[in-house]
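Trainee: From the sequence below, what's the structure:
(chains A and B, ligands or ions: 4)
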Amino acid sequence: MTPSIEYYCPCLAASPHPPPPHLPSSTYSFHPLHNLFFCEECDAVRCNRCVMVEVSGYYCPNCLFEVPSASVRAEKNRCARNCFHCPNCRNTLTVVPSDPPDDGDARMSPIVSSTLGEPPFFLYCNHCRWDSAEVGITFEKPTGLAAQLQKFEDSAPESLEFERLKEHFEPFLRASSSSSSALHSAAAHHVHTNPITAAASSALARDIPGVGKYNPLSRSRAGRDKHAHKNDIPDYKSRVEVASAGINAGGGEADVDFMCRLETMSEVAALEQRWVSSWVASLHSSDLKPLRIPLQSKKSKRCPSCRHILIKPEQKAQSVRYKIKLVAANYLPAISVSLPHAQAAVEMMKRSTALNKSAAATTVDEHGASAGALLAGKTYSFHLAFTNPLYDPIQVRLKKAQMMQAPGADGDKTRRPPFQVNLPSSPFPVAAFAEAWEYEDDEEVMFGLEEDEGDLDGMGRQQRDGRSKTRTLGVVEKRANVTVVGGEVILTKEARGRVKFNMLVSYTYRSDDPDGAEENVTGTPSRSHASSKAPELKNFSFYTVVDLGLIVPREESRIDPDI
Amino acid sequence: MPPIRDKFTIHSKAVVCQDVELKGDITIGAGTIVHPKATIFAIAGPIVIGSGCIIEEGAIIVNRRKEVMRIGDDNLFEIGCRVESPSIGSFNTVSARARVHHTVRISSHCVIGAACLVVPVDDEILDEYTVIYGPAAERRVWSGRGRVQEADLRRKHAEYLREMLPKFNRLRRGDGA
Ligand SMILES: [Zn+2]
Ligand SMILES: [Zn+2]
Ligand SMILES: [Zn+2]
Ligand SMILES: [Zn+2]
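Mentor: Ligands and ions are numbered 1, 2, ... in the order given. Here you go, the predicted model:
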């Protein structure tokens, strides 16, 4: 496990402080930098949990046709061109003509000129060699297959029934959306009056192929007769009685019978094969139909508070670029964490295994693992590398967020926190981002480390006055737009669990728009080049969680004699 | 085991590139194509390859048994596959990086999918039109629809290679020539 760092998104929370990192639930508030967005308007980090997502376009992943939203509904969210999935292996199918009549001696026939083949056409899987003629689907022409298949889909009894259901509830939904308050009292157990929630709940209640069916119909009907709905929707009469009509809708005697007579596994369609179809699919693998390929969508995301767009893809399905892209990586410094002693151990291990491959590789492994581990009762230094994405230099200041409570310290007041973290207390600079060729070759400087005497971090704990201790804190290395600083972690003897702590990172940068200062008090770190106007210094802070890894308990504590 | 005696019988209409590894008693039929960097090892018994087969780069064909390993006509052995079947019929496709163990005999019109491992412990004969595919080497039986067109395509493929390969590669001749 390499050490990691993640960034906090407050998600419009009331408190600006992040949750304590030892709580399992805290992981939902922290994200890798590359998953975060940045709203210039609000001057805040946004994550995928809080942004508003909207569809900016639909397309077929196979033919990359952009489907207008009006057709999406009519075509039932699937490609209406010649794109099909193999129902057996989910590869894409190709349209092929039938073989010419076999002369029975194919091997001897000379090479036939041009192309062979004649109608009828059928869909053919190049991967598993399934073909649609196996299930009796062939076409006179190799075009417009999707329309023909959709006609088939739409005439399925389930589909017709669903259409009728929609029709039946249409007036109810319309009424409920217009006067939802009036209906609240009407159906006591029916709180979903909003058509969207209604649709969602019906989607959740959808039958899952292969999973046992719970049919509350008979019971609820009896109940309904007694306390008749106060609103006046007429009772829905299904077109056909599902159980009796012999629809291969799964369940029932027919399926039981089929399963009893089963001879080979392949006669049963696997769950994955049935899961992707729109309607309840038959249990027989011989009934599998080609599937029109489901459409996919491109999405844009908005800031939940000011509704400005944070990311918006280009419309064209072929394009992988964005029209708008406000990602946090362009605004916040990228931080990476490393443990120098673990890296050294890995190096050692590599070298020694290279030297004597055969000689007890396992012991080397063991040695390497323990050498790179965090042992309770020891002190380790760690490195934080800051990479500046801005075109201006920044000043960074670090602060440990709060005292770590011992995990599982159930009321044990005497228990000390399992570890103590020391961070460099004085601010340090990170040079501006520049294209690679703009850097001087010999800019790489190793620093002798800065004076960091009297580091308290407001934790009321006196720093150890040993000269060697302070040496691990402060700037370790500067190169291009990267500055590496060292921190240290002191593990108590009885420490266990993960070394995980919250860290507040503040940085000052030069603001672009000193004029707009009155409306935009904090300003926004922007990647664009600074204007010629007088630079104004702004500040931005964000929380992170640093995870240095698992603590290896000491030998003594492992064989604890008492209890 | 006695040392392997090399004996190559290559039909004059076959195209066998110079840069192939051949060992043992090998017979290659008319119109069969062996790409450079292919390997054919007749370790224990001879290997007899029929006509119109295509053996691509990096393909390895091995006979570990005493009996003659017979490979029929119009088979395609794709890049990097390894086949040790004691007998192979006609019109089979062994896809790229597939491996077929010496316990499996292949009949005709079979397809071994890309990277499929066919390594049963007990001896087995693949029925005609068997298709093996996917990461779990699942099996099914092909209806055979499209087989005439596929055979036609295979011949065109071989025809093209017979024309193009000699332009860019030195060819190997049999011992007799
Ligand atoms: Zn968020
Ligand atoms: Zn499509
Ligand atoms: Zn398939
Ligand atoms: Zn905003």
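Trainee: If we go by neighbour counts, what in the helix or strand that contains B:Lys156 is buried?
Mentor: Taking DSSP states H and E as the definition, one finds B:Lys156 inside helix B:147-168. Using 16 or more other CB atoms under 10 Å in any protein chain shown as the burial criterion, the residues of helix B:147-168 that qualify are B:Arg147, B:Val148, B:Gln149, B:Glu150, B:Ala151, B:Asp152, B:Arg154, B:Arg155, B:Ala158, B:Leu161, B:Arg162, B:Leu165. C-beta coordinates here come from the backbone N, C-alpha and C atoms, glycine included.
Trainee: With stretch A:303-314 instead?
Mentor: A:Cys303, A:Pro304, A:Ile309, A:Leu310, A:Ile311, A:Lys312, A:Pro313.
Trainee: for stretch A:56-66, same thing?
Mentor: A:Ser56, A:Gly57, A:Tyr58, A:Tyr59, A:Cys60, A:Asn62.
Trainee: End to end on that stretch, go ahead and measure it.
Mentor: End-to-end distance for stretch A:56-66: 11 Å, by CA to CA, to the nearest Å.
Trainee: do the same with stretch A:262-274
Mentor: Per CA to CA, stretch A:262-274 runs 18 Å from first to last residue.
Trainee: Name the surrounding residues that touch stretch A:119-130.
Mentor: The contact list for stretch A:119-130 (CB atoms under 8 Å, 6 or more residues apart in numbering or on different chains) reads A:84, A:86-89, A:91, A:93-98, A:131-133, A:137-142, A:145, A:288, A:290, B:111, B:113, B:131, B:133-134, B:138, B:140, B:142-143, B:145-146.
Trainee: A:Arg90: what's it in contact with?
Mentor: A:Glu272, A:Val276.
Trainee: Wait, a strand at it?
Mentor: No. Under DSSP: H, G, I helix; E, B strand; the rest coil, A:Arg90 falls outside any strand and is assigned coil.
Trainee: Among the buried residues of stretch A:56-66, which ones lie close to ligand 4?
Mentor: The subset of the buried residues of stretch A:56-66 within reach of ligand 4, by CB under 5 Å from the ion, is empty.
Trainee: A:Gly377 reaches A:Leu491, doesn't it?
Mentor: Yes. The criterion here is CB atoms under 8 Å, and A:Gly377 meets it with A:Leu491 at 6.0 Å.
Trainee: which of these two has more neighbours?
Mentor: Taking neighbours as other CB atoms under 10 Å in any protein chain shown, A:Gly377 and A:Leu491 compare with A:Leu491 leading, 22 against 15.
Trainee: Wait, that one touches A:Pro553, no?
Mentor: No. Look at A:Leu491 against A:Pro553 with CB under 8 Å: they stay out of range, at 10.1 Å.
Trainee: do you know how far B:Glu128 is from B:Ser51?
Mentor: As judged by CB to CB, to the nearest Å, B:Glu128 and B:Ser51 stand 19 Å apart.
Trainee: what about the helices in chain A?
Mentor: For chain A, helices defined by DSSP state H occupy the ranges A:69-74, A:145-154, A:157-178, A:180-186, A:195-204, A:217-226, A:252-260, A:271-275, A:340-355, A:361-371, A:467-470, A:555-558.
Trainee: circling back: touching both of A:Leu491 and A:Pro553, which residues are there?
Mentor: By CB under 8 Å, 6+ apart, the residues touching both A:Leu491 and A:Pro553 are A:Ala376.
Trainee: before we move on, the earlier item: just the closest of the buried residues of stretch A:56-66 to ligand 1, please.
Mentor: Nearest to ligand 1 among the buried residues of stretch A:56-66 is A:Ser56, at 20.6 Å by CB to the ion.
Trainee: In contact with that closest one, which residues?
Mentor: Here A:Ser56 is in contact with A:Ser297, A:Lys298, A:Lys299, A:Ser300, A:Lys312, A:Pro313, A:Gln315 (criterion: CB under 8 Å, 6+ apart).
Trainee: If I look at it, what pLDDT would I see?
Mentor: Listed pLDDT for A:Ser56 reads 91.
Trainee: circling back to that earlier point, filter the contacts of A:Ser56 down to the buried ones.
Mentor: For these, buried by 16+ other CB under 10 Å: A:Ser297, A:Lys298, A:Ser300, A:Lys312, A:Pro313.
Trainee: Now A:Pro290: closest residue in space, sequence neighbours ignored.
Mentor: Ranked by CB to CB, 6 or more residues apart in numbering or on different chains and with sequence neighbours excluded, the top spatial neighbour of A:Pro290 is A:Phe84, at 4.4 Å.
Trainee: ok, back up a step: helices and strands around the helix holding B:Lys156, which ones?
Mentor: Counting contacts by 3 or more CB pairs under 8 Å, 6 or more residues apart in numbering or on different chains; DSSP states H and E, helix B:147-168 packs against strand B:15-16, strand B:33-34, strand B:54-55.
Trainee: Tell me which strands the first one pairs with, and in which orientation.
Mentor: Using DSSP bridges, strand B:15-16 pairs in its sheet with strand B:33-34 (parallel).
Trainee: which residues are in contact with the next helix or strand after the partner strand?
Mentor: With elements assigned by DSSP H and E, the helix or strand that comes after strand B:33-34 is strand B:39-42. If you take CB under 8 Å, 6+ apart as the criterion, strand B:39-42 is touched by B:4, B:20-26, B:34, B:47, B:49, B:55, B:58-63, B:69.
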